[in-house]
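S.K.: output the structure for:
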Amino acid sequence: MPSFQLSRRLTHPTSLFLVLTLILPVLTRAQVSLTVNASQSVRSVDERVFGVNAVAWDGNSGSPQTISLLQAAGLRTVRIPGGSLSDEYHWRTNTTLANTWTWSAGFDKYTSLITGLNSQAFAVVNYGTGTPEEAAGWVAYTNSSAGAGASIGPDAKGFDWKTAGFWATLRASAPLSNGDGMDFLRMSRSTPIGIKYWEIGNENYGSWETDTHAKQWDPITYATVAKDYIAKMKAVDPSIKIGVVVEAGEDSLDSKSPAGQLVTNPRTGQQHKGWTPVVLATLKSLGVTPDYIIYHRYEQAPKADQPGNPENDANLLQKAKTWPSDAASLRQQLSDYMGAAGAGVEIVVTENNSVYGKPGKQTTSLVNGLYLADSIGNVLQTEINGLMWWDLRNGQENTNNNDSSLYGSRQYGDYGILSSPSSFGSTTSYDPYPTYYVFKLLSRFARGGDTIVSAASNNSLLSVFAAKRADGTLSLLIINKDPANALSANIALTGYTPSPSATVYAYGKPQDSAGSAADIVTSSMGISGSTFPASFASYSATVISFNANIAPTITTQPASQTVTAGTGVTFTAAASGTPAPTYQWKKNGVNI
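M.R.: Okay, the predicted model is just below:
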């Protein structure tokens, strides 16, 4: 039985390593300037940015210990059932293709995970080998109530998907042990699970995806079939949101489009046959507007696929700054090829990691954790409303790139944020990697509904991001990408006067070296005024949380009381502000 599922695609090849090697000595000598303008809003934080993929081969995905760990890390979104496997996966039987064995995690475990975290959820329906009716049945199972009358009916393969009420009743039923293979779907749960976000397939532009349509990996076929999926699924639940697969570049993956599949950009007059222009133009011609578009981004090719340009720590830590250009490209294509309707379409990233396949030691290193922090920080500078890391658990591999040029002591790779047992690595499924602890650190930086504000650094090795929290605090996320040197910075805050003490949360080399005993470290930092110095350890991520320095004021005066001489009396007053005010009681102007 397969133990892992790889997601494969290279975006943004780069060769920054030599440049960084040359300028590093200069950058580390200079005083770094970090500026924050708390009165200049960038965007509101969407909680879907703090997400992770859960996969069908992870039998521990819904365990109480997994849920407890993810709660502590602040994970707010879960995507199922697992990358490329999604285009082979049949939710009703928890199988792929024609196999007779079932996967370790079916929808019973997914439900435990989603409801245990009280999280948002994204589900990928089977485009490669499935049918629109199969997808509609899944929507009915998760979202309908018993007695729902929407008819789904038979699909092109001859299976009768009956009605929405049938699947809701199955969900509400107790297990029967009758051998029909669906007892894992009988949950004794009358309340709908309520999955709002649905994706039509996974990376369907790629030849690595299973695709049984007459024209494989074809954008016109994909858009045309997507119309049927959307219609069938929304007939069951009109409130759901459905996304389609895209790529960032206007000519990306044009090799998958047969000659003659050209569309004209109405703004530029230029013709293109890339996947995204053809998909969007075809959907528009069919009168269909998706609710969101789905983008995947992996920063590097593995060494085995690209020996001359393998994984590189310094390169990876400069990649995330290009998220704004990807977001701008996708928005421009929505505008160009869908017209006014495109303005209401969201952009969501449902897979992100450092390398598209054959994960080596970099994936389990502190460097990948720093990349994750930088990726989310940069995504929050854009309009992208969701980011799901690949993945929760994947599987340890020790035969890929474990070169000594890469930082880290773990001599194996793993896409997961939590371990899987192996003969050469972890003995449990609950060892957290640095990416896990970075998620936990990010929960101190920002949550859904907070406001990202303007922040800038004059040093490419020290990134800074800032959030105005809903409770009035201000938090900074600072990432030191220098492998050997602490960086001293002068921090200048505008539009916010901090109290004299800040709380500092950090994760870096000392914590990573502690292995499974690691955790983020909490300390305090004294500051004076809105401009102050700070130092950040090499290869570290730090969150500084400030309370506003608000002049103390009495909000409720003590009530006047008449008492008998010689008896006790209690006066109560209320005050607000930072720092907490002191007080004195006086009688006739005399201190007492």
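S.K.: quick one: the lengthiest strand in the chain to chain centroid distance?
M.R.: What stands out as the longest strand in the chain, according to DSSP state E, is strand 32-44. A distance of 22 Å separates the centroid of the chain from that of strand 32-44, by C-alpha atoms, centre = their mean, to the nearest Å.
S.K.: packing partners for it?
M.R.: Applying 3 or more C-beta pairs under 8 Å, 6 or more residues apart in numbering; DSSP states H and E, one finds that strand 32-44 contacts strand 451-457, strand 462-468, strand 474-480, strand 487-494. Heads up, the C-betas are built off the backbone N, CA and C, glycines and all.
S.K.: I'd like the average pLDDT over the second one.
M.R.: So the one you mean is strand 462-468. For strand 462-468, mean pLDDT rounds to 98.
S.K.: also the third one?
M.R.: Per-residue pLDDT values across strand 474-480 average out to 98.
S.K.: using PDB, write down the CA coordinates of it.
M.R.: C-alpha atoms of strand 474-480 as PDB (Å, rounded to 0.1, in the frame of the first residue of the first chain):
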ATOM      1  CA  LEU A 474       0.700  45.400  17.900                       C
ATOM      2  CA  SER A 475       2.800  42.300  16.900                       C
ATOM      3  CA  LEU A 476       5.900  42.100  14.700                       C
ATOM      4  CA  LEU A 477       7.200  39.000  12.900                       C
ATOM      5  CA  ILE A 478      10.900  39.200  12.300                       C
ATOM      6  CA  ILE A 479      12.900  36.500  10.400                       C
ATOM      7  CA  ASN A 480      16.700  36.300  10.400                       C
END
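S.K.: how about the contacts made by residue 525?
M.R.: Shown in contact with residue 525 (C-beta atoms under 8 Å, 6 or more residues apart in numbering): 501-504, 534, 544.
S.K.: circling back: quick check: angle from the longest strand of the chain to strand 451-457?
M.R.: Interaxial angle of strand 32-44 relative to strand 451-457 (axes from the mean of the first three to the mean of the last three C-alpha atoms, to 10 degrees): 160 degrees.
S.K.: buried sites along strand 32-44?
M.R.: Within strand 32-44, the residues scored as buried using 16 or more other C-beta atoms under 10 Å are 32, 34-38, 42.
S.K.: which regions of the stretch 251-400 of the chain lie under the pLDDT threshold?
M.R.: 255-260 (pLDDT under 70).
S.K.: ok, which stretches of it are strands?
M.R.: Secondary structure of the stretch 251-400 of the chain (DSSP state E, counting those that start in this stretch): strands at 263-264, 271-272, 292-300, 346-355, 387-389.
S.K.: before we move on, what about the stretch 1-150 of the chain?
M.R.: Remark: strands assigned in the stretch 1-150 of the chain by DSSP E, counting those that start in this stretch are 32-44, 51-53, 77-80, 89-90, 95-96, 120-125.
S.K.: can I get the longest one in CSV? Just the C-alpha atoms.
M.R.: What that stands for is strand 32-44. Output in CSV follows, covering the C-alpha atoms of strand 32-44 (Å, rounded to 0.1, in the frame of the first residue of the first chain):
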residue,chain,number,x,y,z
VAL,A,32,19.4,47.1,10.0
SER,A,33,16.5,49.5,9.9
LEU,A,34,13.0,48.1,10.5
THR,A,35,10.1,50.5,10.1
VAL,A,36,6.5,49.9,11.0
ASN,A,37,3.6,52.2,10.3
ALA,A,38,0.7,51.0,12.5
SER,A,39,-1.7,53.5,11.0
GLN,A,40,-1.2,52.3,7.4
SER,A,41,-3.4,49.2,6.9
VAL,A,42,-2.5,46.6,4.2
ARG,A,43,-5.4,44.1,4.6
SER,A,44,-7.5,42.1,7.1
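S.K.: burial measure for residue 307, as a count.
M.R.: Residues lying near residue 307 (other C-beta atoms under 10 Å) number 10.
S.K.: thinking again about what came up before, pipe the strands of the stretch 251-400 of the chain into CSV and attach distance to residue 424 per row.
M.R.: As requested, the strands of the stretch 251-400 of the chain are exported to CSV (distance: least, C-beta to C-beta, whole Å):
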stretch, distance to residue 424
strand 263-264, 50
strand 271-272, 47
strand 292-300, 23
strand 346-355, 20
strand 387-389, 24
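S.K.: residue 191: which of these is closest?
M.R.: Among the strands of the stretch 251-400 of the chain, strand 387-389 comes nearest to residue 191, with 25.0 Å by C-beta to C-beta.
S.K.: what pairs with that closest one, parallel or antiparallel?
M.R.: strand 51-53 (parallel), strand 346-355 (parallel) (DSSP bridges).
S.K.: what's the angle from the last one to strand 292-300?
M.R.: When the same axes, to 10 degrees is applied, the directions of strand 346-355 and strand 292-300 differ by 20 degrees.
S.K.: may I see the buried residues of strand 346-355?
M.R.: 346-355.
S.K.: picking up where we left off before, nearest to residue 478, of the contacts of residue 525?
M.R.: Distances from residue 478 to the contacts of residue 525, taken as C-beta to C-beta, are shortest for residue 544 (7.1 Å).
S.K.: what are the boundaries of the helices in the stretch 451-592 of the chain?
M.R.: For the stretch 451-592 of the chain, helices defined by DSSP state H, counting those that start in this stretch occupy the ranges 509-513.
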